[in-house]
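Peer 1: prediction below, plus the sequence it came from.
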Amino acid sequence: MRVAFFDCVGGASGDMLLGALLDAGASLAGVERVIQALGLPGCSISVEAVMSGALAARLVTIHTPREETERHATELIAILAGADLPEAAKAKAIAIIERLAQVEAQIHGATLETVHLHEIGGDDTLIDIAGVLNALDELGIERVYVSPLPLARGMIQTLHGWIPLPAPATLALLGEAPVHYVDSVEAELVTPTGAAILTGLAAGFGELPAMQLKVVGTGAGQRKLPFPNVVRVWIGETQASGAGWLRERLEWLETNIDDLNPQVYGHVMEHMSCGL
């Protein structure tokens, strides 16, 4: 099985994830075909080789001709539904957009149909999501894993006004994902789009799964930080046995049974084994 592990060193955003996958071997032409398939006139992508701290990385910039300030989730979903993309990719992209919209609706007391997606309602969000899905497919990735995510405090100005970091949508999207606090900066390290993509695709969070490592790609963020502002994607092969086992979290439940009639042991064990 071919797997990808996103090592979120400096955080995660849609363009950082896309840059890492392009650096790992996904084609720029594939992303350009995605833009064309989405029917987004005037949009384009550029990729630049940069240094983020001491690390060489790919910096992706999505160029869009307009700023969307009052876009509804239903508009984004309609664009995806009508795109000339594989059905599986469209379904995953729509699910990610719907989840983004659901958390925004909860935060702002709206419905999925009425919620306005401001900063995450632009063409660049669609390109990031569909581009990442296309790149994973190009690279033959069958399963995605993600490291714990770094979060920092601070404030950011949005079309809703000033909000505290991490952004409420990011926190809602991360749910039960493992996170850790970075106190050396005040910055948005994980964006809502990055959080939505990772939580929408991840089979698990935490440690690097056992793999035979094939390639590492590095994507850079736009902001300069005191540490490398990058996402690294580790791509490798797992095997069916031995060192290739994937790690999974298991729960062990143990109890003592006192004063139970031995005649019911068999009945109890039969029902307990049903869940195994």
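Peer 2: Good, I have the coordinates. What you see is a predicted model, and the numbers here were worked out from it, not measured in a lab.
Peer 1: show me where this protein has helices.
Peer 2: For the chain, the helices defined by DSSP state H occupy 14-23, 28-38, 73-81, 87-108, 123-138, 168-174, 192-201, 265-272.
Peer 1: so what's Glu138 closest to, chain neighbours aside?
Peer 2: In this structure, Glu138 finds its nearest non-sequential neighbour in Ala26, 4.8 Å apart by CB to CB, 6 or more residues apart in numbering. Placement of C-beta: from N, CA and C, glycine included.
Peer 1: tell me the confidence at that neighbour?
Peer 2: Ala26 carries a pLDDT value of 98.
Peer 1: thought it was touching Leu139?
Peer 2: Yes - Ala26 lies in contact with Leu139 (CB atoms under 8 Å); the separation is 5.6 Å.
Peer 1: rewinding a little: ok, of the helices of the chain, where does mean pLDDT dip lowest?
Peer 2: When I compare the helices of the chain, helix 265-272 is least confident, with a mean of 70.
Peer 1: could you redo the helices of the chain as CSV and give each row distance to Glu48 and mean neighbour count?
Peer 2: Formatted as CSV, those follow (distance: least, CB to CB, whole Å; neighbours: other CB atoms under 10 Å):
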stretch, distance to Glu48, mean neighbour count
helix 14-23, 9, 28
helix 28-38, 11, 18
helix 73-81, 27, 18
helix 87-108, 25, 19
helix 123-138, 16, 25
helix 168-174, 26, 21
helix 192-201, 19, 25
helix 265-272, 58, 10
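Peer 1: hmm, back to that, give me every residue that touches the residue nearest to Glu138.
Peer 2: Taking CB atoms under 8 Å, 6 or more residues apart in numbering, we find Ala26 in contact with Asn134, Ala135, Leu136, Glu138, Leu139.
Peer 1: closest one of those to Glu176?
Peer 2: Closest to Glu176 out of the contacts of Ala26 is Leu136 (22.7 Å), distances taken as CB to CB.
Peer 1: isn't that closest one right up against Val3?
Peer 2: No - applying CB under 8 Å, one finds Leu136 not in contact with Val3, separated by 10.6 Å.
Peer 1: common neighbours of those two, please.
Peer 2: Val144.
Peer 1: how close does Val215 sit to Ala4?
Peer 2: 10 Å (CB to CB, to the nearest Å).
Peer 1: neighbour-wise, which of these two wins?
Peer 2: Ala4 (27 against 13; other CB atoms under 10 Å).
Peer 1: about what we covered before: ok, which of the helices of the chain comes nearest Val230?
Peer 2: Among the helices of the chain, helix 14-23 comes nearest to Val230, with 7.1 Å by CB to CB.
Peer 1: who does the closest one touch, helix- and strand-wise?
Peer 2: For helix 14-23, the helices and strands in contact under the criterion 3 or more CB pairs under 8 Å, 6 or more residues apart in numbering; DSSP states H and E are helix 28-38, strand 55-63, helix 123-138, helix 192-201, strand 212-220, strand 230-237.
Peer 1: hmm, 6 Å instead?
Peer 2: On a contact count with 3 or more CB pairs under 6 Å, 6 or more residues apart in numbering; DSSP states H and E, helix 14-23 meets strand 55-63, helix 123-138, strand 212-220, strand 230-237.
Peer 1: make a markdown table out of these and add distance to Thr193.
Peer 2: Converted to a markdown table, the helices and strands packed on helix 14-23 look like this (distance: least, CB to CB, whole Å):
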| stretch | distance to Thr193 |
| --- | --- |
| strand 55-63 | 11 |
| helix 123-138 | 5 |
| strand 212-220 | 13 |
| strand 230-237 | 13 |
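Peer 1: tell me which of the ones you listed lies nearest to Leu149.
Peer 2: strand 230-237 (10.3 Å).
Peer 1: list the buried residues in that closest one.
Peer 2: Val230, Val231, Arg232, Val233, Trp234, Ile235, Gly236 (16 or more other CB atoms under 10 Å).
Peer 1: do stretch 142-161 as well
Peer 2: Buried residues in stretch 142-161, counted by 16+ other CB under 10 Å: Arg143, Val144, Tyr145, Val146, Ser147, Leu149, Pro150, Leu151, Ala152.
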